[in-house]
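K.L.:
Below: sequence and its predicted model.
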Amino acid sequence: MAAESDNSPQYLVLARVMRPHGIRGDLSIKMMTDFPERMNDLDVIYFGSDPEKPRNLSKQQVVWVRRAKNDQWLLHLEGFNTRDDADAMRSKYIFVALKDAVPLEADEVYLFQVIGLEVQTTQGEVLGRLTEIIETGANDVYAVKSEKYGEVLLPAIPSVVLNINVEAGTMTVEIPDGLLPE
């Protein structure tokens, strides 16, 4: 069964507004993307309250953006001239339109594309469907809902996740010894 393309988001999360910076309407933001440098190329971004379901987004023109430190950036938007203007954006999420996102390499997928994939072992056993991605410090963990095993947690590392085929709606995995109950 192929993954549903109807559920593809039109926007991807880039960052979250932390707080105002200074008194001229600047925003301190925390990047939430693997491509933070992409902010330098954007003229338009979108703001919303729910990172999972971008709805009722407000479109804003970027005046300038610069890296402050590590994953913290400073951002100035057109029409934002006071600390109060910036404070109104506190805790909002910053989105980019999917059409403006960084193009992926041939072997890469967006995280939203793996949710719902049928997960099968190299021996052909269907484990279940990938229901959640858990972000940890070291590597992501894929939660698979399995009728036979309950919830199976798979480390998202190359030795375990051997193939992701979004078009076919499948993920092939090599189960490490001892991961599944007997």
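P.N.:
The structure has been received and is ready for your questions. Numbering: from 1, shown residues only.

K.L.:
So what does Q113 have for phi and psi?
P.N.:
Main-chain dihedrals, Q113, degrees, to the nearest 10: phi -80, psi -20.

K.L.:
now swap in L117 and tell me
P.N.:
phi -70, psi 150.

K.L.:
which stretch of helix or strand covers L127?
P.N.:
Per DSSP states H and E: L127 is located in strand 126-134.

K.L.:
just the helices in this protein please.
P.N.:
All helices of the chain, identified by DSSP state H, fall at 83-87, 111-114.

K.L.:
ok, of these, where does mean pLDDT dip lowest?
P.N.:
Of all these, the minimum mean pLDDT falls on helix 111-114 (a mean of 82).

K.L.:
returning to what we had before: nearest to P36, out of the helices of the chain?
P.N.:
Closest approach to P36 among these (C-beta to C-beta): helix 111-114, 16.2 Å. From N, CA and C alone the C-beta is placed, and that goes for glycine too.

K.L.:
tell me the domain boundaries of this structure?
P.N.:
If you go by automatic domain parsing, the domain ranges for the chain are 11-100, 111-173.

K.L.:
Mind checking those for the one nearest to P181?
P.N.:
That would be domain 111-173 among the domains of the chain, by C-beta to C-beta, at 6.4 Å.

K.L.:
And that closest one, end to end?
P.N.:
17 Å (C-alpha to C-alpha, to the nearest Å).

K.L.:
now the helices of the chain as a markdown table including mean neighbour count and distance to P155?
P.N.:
Shown next, in a markdown table, are those (neighbours: other C-beta atoms under 10 Å; distance: least, C-beta to C-beta, whole Å):
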| stretch | mean neighbour count | distance to P155 |
| --- | --- | --- |
| helix 83-87 | 16 | 40 |
| helix 111-114 | 16 | 14 |
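
K.L.:
right, and these - which one's nearest H76?
P.N.:
Taking the helices of the chain one by one with C-beta to C-beta, helix 83-87 is closest: 8.9 Å.

K.L.:
what sits up against the closest one?
P.N.:
19-27, 79-80 (C-beta atoms under 8 Å, 6 or more residues apart in numbering).

K.L.:
before we move on, the earlier item: can you give the strand pairings for the strand holding L127, parallel or anti for each?
P.N.:
As defined by DSSP bridges, the strand partners of strand 126-134 come to strand 118-121 (antiparallel), strand 141-146 (antiparallel).
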